[in-house]
Every structure is written in C-alpha cells, then in structure tokens.
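> The following block contains a protein sequence and its predicted model.
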Protein chains: 4
Amino acid sequence: MNKERLAAFTDAVLAIIMTILVLELEKPKTVNLAGLWALRANFFAYTLSFFWIGLMWTTHHNNWHKVKSVSNATVSYSLVMLFLASFFPYTTSLVASNFNNVTAQALYGVIVLAVSFSNMAISYSLKKVNPAAHFGWLYALPNSSIILDVAIKLVGLIITLTFYAPAMIYAIFIDIFIVGYATRQSSKNQFHLNKI
Amino acid sequence: MNKERLAAFTDAVLAIIMTILVLELEKPKTVNLAGLWALRANFFAYTLSFFWIGLMWTTHHNNWHKVKSVSNATVSYSLVMLFLASFFPYTTSLVASNFNNVTAQALYGVIVLAVSFSNMAISYSLKKVNPAAHFGWLYALPNSSIILDVAIKLVGLIITLTFYAPAMIYAIFIDIFIVGYATRQSSKNQFHLNKI
Amino acid sequence: MNKERLAAFTDAVLAIIMTILVLELEKPKTVNLAGLWALRANFFAYTLSFFWIGLMWTTHHNNWHKVKSVSNATVSYSLVMLFLASFFPYTTSLVASNFNNVTAQALYGVIVLAVSFSNMAISYSLKKVNPAAHFGWLYALPNSSIILDVAIKLVGLIITLTFYAPAMIYAIFIDIFIVGYATRQSSKNQFHLNKI
Amino acid sequence: MNKERLAAFTDAVLAIIMTILVLELEKPKTVNLAGLWALRANFFAYTLSFFWIGLMWTTHHNNWHKVKSVSNATVSYSLVMLFLASFFPYTTSLVASNFNNVTAQALYGVIVLAVSFSNMAISYSLKKVNPAAHFGWLYALPNSSIILDVAIKLVGLIITLTFYAPAMIYAIFIDIFIVGYATRQSSKNQFHLNKI
C-alpha cells in the first residue's frame, strides 16, 4: 500500500463525513430567530463535530510528510478509525435531538474516545515502521497532552453517566481548544524545521 | 501541511457540497410544467448556490499555482471557510422553501458574507507567507471589486432586513456576474503570463 | 487553472453524483420478488443514469492525456456541465416514480441533451487551445457518431412529447450502446498509439 | 486511460459508498440501551458492509503498484464493479430492516457475489495487459482462497434460500476473516519484496 493512496482515501472519507453532517441538521419549525434558537443544540453539536474531525485531519497531515512507509497494520487501523468516524453524522444527530439524554451523550463520547484510541494505534504502527520520524502516542504531539486529552473526555463521560447528561459534549468542546493548542504548537515547530 | 493536500481537501469538500445540494431539492407535487414552475424559487436558489461555490472554487485555484507555502493560519481559515460553506445545502433549502421569509434570506446572506470574509482571511494568510505572489484581499482580484462585492451583499442584506425579504438572493445573483467578470479578467491576465 | 485540478474536480463531482443516485432509489413496499419487480422502472432508470455518467467519464478521460492546457472557457463550460449533471439524482428519481409521465421523461431527456451539448462546448474550448490534439466535436469521437447520438435523443424526445411518454429513456438506453461502441473504437485506436 | 485516474475514481466512489452507508442507519425509537440493542441487526449489517468494502479496497490497492497499464476492459469491468458496489447502502438498509427476510438476505448476497465476480474480471483484464505482474483470479491472492471465498458465499446463499434466511450475512461475516487473512498474508509477502 502506497502511503499517498492511504492518505488520499482517509482524506476523502473525512471530507465526506464532514460534509454530510449537514444532511442530518434539523430545519427550524418556524423560520424566525426563535425557531433557529430552538435548534441551538443542533448547531452546537454540528459545529463541534465538524471542527473535531477537521482538527483530527490537521493533526494527521501535519505529520504525514515524515512518514516514509506504512504497514498493513496502519491500513487496518486506518479502516477502523474511518469506520468509527463514519458514525459522526449519526451520533451528532442523536445528541442534537436528545441533548439531555445519557445514552445519546455517552454514545457520542464513546465514539470520540474510540476514534482517539484508533488514531493512537495508527501513530503506534507508523512509529514502528518509521523510527526516524520520532512519533509519540499521537504523531508529534507531546504525550502529556494526550493524557490530558483522554482524561478530559473520560471525566466528561463519567459526569454524563452519573449526574449531568450533557457533560460529555461540553468536555469535548473544552478539549478541542486544549488539543488544538498543542497541535498548533507542535506544527509550529515543524514549520521552522521544514522551511527551506 | 503540504499545500497540495490542503487544496485537494478543499476541493473535495466543495465538490461534495455542490453535489449534495440536489438532495435537498424539492420534488414537484404534480409532475407537469405547472408543478415545476411552482418550484421556480427552489431551482433559482439551487442554481445560484451551485455557481456561487463553483465561482469561488475557480477564484481559489486560478491563483493556487502562485502559492509556494501555506501557514497554520491558512489551514485554520480554510477549515472555517469549509465549515461555513457546508451550510449551503441547509440555507439553500431553507431559502427555497421560504423565499419571502426575512430570517431565511438573511441567514443565506450571512453565510455567503461569512464565506467571503473567511476567503479574505485565507488570502491574507497566503499573502504573508508568499510575499512574491502579490495577493490582494482576495487573491489576485482587484481590491476595488472586493469592496463592490461586499457592498452589494450588504445592501442586499439591509433591504432584506428592512422592507423586501427576497432582496438578499437577488443581490447575490447580481453580484455573481460582477465578481465573475472581475475573476475572469484577472485570470485572463494570468493566462498570458503563465503561457510557456 | 491547472488541467489536473480541473480533471480531479470533475471526477470528484461525477463520482459523487453516481454514488448518491442510490439514496433516491425507492425501497420495495413488500420485501419479496414481486416487491422488487414493482420497482423495475426504478432499477432501470438507476442503471441507465449510472452507466450514462460512467460512459461520459470514460470518454472524457480517454482523451485527457492529449490536453496540454485548459482555458477559462473550459473551466466555465465544465462548471455548466457539472451543474447539469448534478440534476441526475433528481431527474432519475422523478422519471423512476413517474415512468409514463411526459414531463418527467422530457425533463430527464433535456438534462441528458444539455449535458451532451456542454460536453461539446468543453471539447470545442479544448480544441482551440490544443490544436495539436485533433479534437472533434466531442474529443476524439467521430463527428458522425455525435450527429447520430444527438439525433437518437431528439427523436426520443419528440416521441415522448407526442404519443409515447417513456420513449425518451428507451432512446437513451439504445444510444448508450451506440456511443459506447464509438468510444471504445476511438480509445482502442489510442491504445495502439500510446503504447510504449 | 491513465491507471492513476482509474484508481483515484475507484477510490472516490468506494469512499463515498462507505461513508453514505450511515445515512441509511436507523435511529433508535427510544434513546436508551434497549433502543440501541433493538437496532443490533442494523449495526451488524452496517459494520459488515463497511469492512467488506474496506477489505476490497485494501486488496485492490495492495496490488496496484504492480499494474503498469490498464485496458479498456479494465475500465468497463471497474464501472460494473462500482455500479454493483453502489447498491451496498440500499441492500444493507434492506437487510438491516428485514433481517429474517429471504429476499433481502439473498439480494444482499447476490450483490456481494456479483462484486466478487466483477473484481475477478478486473484482475483477469489486468493479467492480460500486465503479464509480468503474475496476477491470479483476484490479484495476488492464491486461487485456492478465492474458491473457498466463493464457496462460503454460495453455501450461505443456498441456506438462506432453503431453510434459514439470515445465513447469507453470517456467511459473509465468516468469509471476511478468511479472505482478510489471505489478503494479509499475500500483502505481507509483498512488503518484504517491496522494501528498499
């Protein structure tokens, strides 16, 4: 498997997921500001899902030029990651229409966590066949920020399951800024290294 | 981030948006000329959205060969632009079924304006890292045509909000020819320069 | 505009159109052979649309390696072609549910004819900027087969409009084999020329 | 036809099919664990379809670097394969909502079998124009595993048609591991050969 083909396929699937999210976005019952405001949970979930996948895509590809070859394991883990990510339009729509429902929130969170773990598996497989790339648990992100990332999501999941259902999605909202910041720092460093 | 990967991802998302627009296109209640004529607002909004995004894509890529590198900011602004553009199937469908509704028209217009501003942000970020490309506010388009472009949309939005709801979509319709003409002129000049 | 970018965008839009056709395919009311047989018009229209676009894609790209550059006109005509082609999921679904309806059949045919004419416009624009490629009305297809192609569709449209509604789709069905055969012949010749 | 263009088009269509599968996935009537459990047939069919196409994609492209040229027949067979594969969202949804229905299960199985046969036709056409690639019935997979693959599916189909409707989908579930294993073995060998 050529590394470019895998990247192109991954990009295509992620681009489609991000774009069909809108097909599940509910229309306002009355078309006025009150009608749109009634859908604020939908817009929030939609926005979060879009940028969560977008950020994941950025993390992936900021580090892809360091990859020299991919293994069979990389391909398998990528398929698993794309499979899990393909649930986003489903779980986003579910959580949007059932914002205070424990099951909807937990399912959304479990998918996000599972995508995160599959991304770590991809990173691990790349590390094995590209030792010179110096990948950590998640590409070039510092392992400490990964621990923080998973911890925030797990805390969100626990609060969702115990006493406040919407906690999961708020945890991911907070998390996106923290991981986003770490990604930005890590890729800034790369820009300095990669400049001619 | 490789500039080609970003361009390919942008193209993929725009291609999907343009193509899934049709999934929201209403079917005629009675299949005859009168039934199709009853949907004229739908066809008009569909056509406008398709070509507006198509024209944006053209503007983007007529100037992409001048780009030597992209920054983290370019990637972030591009995600924001794609996020905003991903609302097109939603706002197009909304405006088509509620052609005389102020909220629907204003929302359609606000998304179009926001996409325009995010494109300027992309252009600005490219200008910073590619000083030799001589980009203006929106790639190689003359800044005067950008002022005109935004002015027409703002006038449309104001008329929509005050006394004639459908003004927004007609303003964009008029605007498409003006910006289309400017784009064509600017890319014509490039063709002369780029020919071997 | 780079010729590869235009081709990739065209391919992406056509791939999406061909694949979302299935989202409009009606489900059987009772899941047995009789229920599937009741949908035979749906399956027929679906199959025809899929292969018609597939064949168009083949014709396009069998000749793309001869293209050295594309003009602004090529880009504009391509956008028009993709716009028209984007109606396929709509007209296919309409004709499938209204097989004996004159308007549905005529609309399906008009879109097919309009796509054909926009393809000729693309070919014409390519001929102008690539005189060495020896393109005819539709790439390397003999002009005589194009006349036949348009003639069959026009006859189908006339019969649809006058005394037998489903004539249009049958005309396109017959036509697909004739143009398919001409394409195959023309690309066979190219294979001989292009082999190393 | 350029081999890369055909591969990119095939990848695009497969990526879209895999991603729009989710649009047909049923939402739970009551959002709790019991509601999700009631949809277990849906999730099972969805998962199976996703990975079946994913595995097919892997098999295709693990061997694509050996392909030097493609013939007209390769293009035609590929279109037929994509056409058949495009039914996956349809048959998956049908089998998910009608898990114990003979027609739904048989249709799902017939599509899977037909895709398999069209893949063999593609492999056969590639073998003819790329004799040095040493392709068998299905790329580099051992012919014995292909016989086993088809046999398992046929046995599943016969059991479905005679005394246990869901047999088809379980047969494909078992089959995925067997063919998956064979693919993995075959591509492992290639990794050794292809390493620099």
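That came in fine, so what should we check first?
> could you check the distance from A:His65 over to chain B?
6 Å (C-beta to the nearest C-beta, to the nearest Å). C-betas here are computed from N, CA, C, even on glycine.
> Can you tell me how far that residue is from B:Glu4?
11 Å (C-beta to C-beta, to the nearest Å).
> and A:Asn100, helix, strand or coil?
Judged by DSSP: H, G, I helix; E, B strand; the rest coil, the three-state class of A:Asn100 is coil.
> Wait, it touches A:Pro166, no?
Yes - the criterion here is C-beta atoms under 8 Å, and A:Asn100 meets it with A:Pro166 at 6.2 Å.
> Look at the two and report which has more neighbours.
A:Pro166 (19 against 10; other C-beta atoms under 10 Å in any protein chain shown).
> For A:Tyr139, give me phi and psi.
Main-chain torsions, A:Tyr139, degrees, to the nearest 10: phi 50, psi -130.
> and if you look at A:Tyr164?
phi -140, psi 100.
> So for A:Thr91, what's the nearest residue that isn't a sequence neighbour?
In space, and not counting its chain neighbours, A:Thr91 is closest to A:Tyr108: 4.4 Å by C-beta to C-beta, 6 or more residues apart in numbering or on different chains.
> what comes up buried for the one helix or strand the one you found maps to?
For A:Tyr108, the host element (DSSP states H and E) is helix A:102-129. Judged by neighbour count (16 or more other C-beta atoms under 10 Å in any protein chain shown), helix A:102-129 contains these buried residues: A:102-116, A:118-126, A:129.
> Now the helix or strand where A:Ile53 lies: buried residues?
Assessed by DSSP H and E, A:Ile53 sits inside helix A:40-62. Judged by neighbour count using 16+ other C-beta under 10 Å, the buried positions of helix A:40-62 are A:41-42, A:44-46, A:48-62.
> if you look at the helix or strand just after it, does any of it touch chain D?
Past helix A:40-62, further along toward the C-terminus, the next helix or strand under DSSP H and E is helix A:72-85. Yes - using C-beta under 8 Å from any C-beta of the partner chain, we find that helix A:72-85 touches chain D at A:72, A:75, A:79, A:82-83.
> got the contact list for helix A:72-85?
A:1, A:6, A:9-10, A:13-14, A:17, A:53, A:56, A:111, A:114-115, A:118-119, A:121-122, A:125-126, A:128-129, D:18, D:47, D:50-51, D:54-55, D:58, D:184, D:187-188, D:191 (C-beta atoms under 8 Å, 6 or more residues apart in numbering or on different chains).
> what do you get for stretch A:137-153?
A:59-60, A:62-63, A:66, A:109, A:112-113, A:116, A:119-120, A:123-124, A:126, A:134, A:136, A:168, A:171-172, A:174-175, A:178-179, A:182-183, A:186-187, A:189-190.
> now swap in stretch A:108-117 and tell me
A:45, A:52, A:56, A:81, A:84-85, A:87-88, A:91-92, A:94-95, A:138, A:149-150, A:153-154, A:156-157, A:160, A:168-169, A:171-172.
> PyMOL command for the buried members of these?
Only the buried entries of the contacts of stretch A:108-117 go into this PyMOL selection, using 16+ other C-beta under 10 Å:
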select buried, chain A and resi 45+52+56+81+84+85+87+88+91+92+94+95+138+149+150+153+156+157+160+168+169+171+172
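> Where in chain A is the helix or strand with the lowest mean pLDDT?
helix A:167-194 (a mean of 74; mean pLDDT, DSSP states H and E).
> What residues does chain A have near chain B?
Residues of chain A lying near chain B (C-beta under 8 Å from any C-beta): A:7-8, A:11-12, A:15-16, A:18-23, A:25, A:27-28, A:31-33, A:35-36, A:47, A:50-51, A:54-55, A:57-58, A:61-62, A:64-65, A:184, A:187-188, A:191, A:195.
> show me where pLDDT drops low in chain A?
A:1, A:183-184, A:186-196 (pLDDT under 70).
> Contacts only, for the closest residue to A:Gly180 other than its chain neighbours.
With sequence-adjacent residues excluded and distances taken as C-beta to C-beta, 6+ apart, A:Gly180 is closest to A:Leu55, at 5.6 Å. A:Leu55 sits next to A:176, A:179-180, A:183, B:79 when contact means C-beta under 8 Å, 6+ apart.
> try A:Ile17
A:53, A:85-86, A:88-89, D:19.
> Can you classify it as helix, strand or coil?
Applying three-state DSSP: A:Ile17 is helix.
> again, but for A:Lys29
Under three-state DSSP, A:Lys29 falls in the coil class.
> State the phi and psi torsions of it.
In terms of degrees, to the nearest 10, the main-chain angles of A:Lys29 are phi -70, psi -40.
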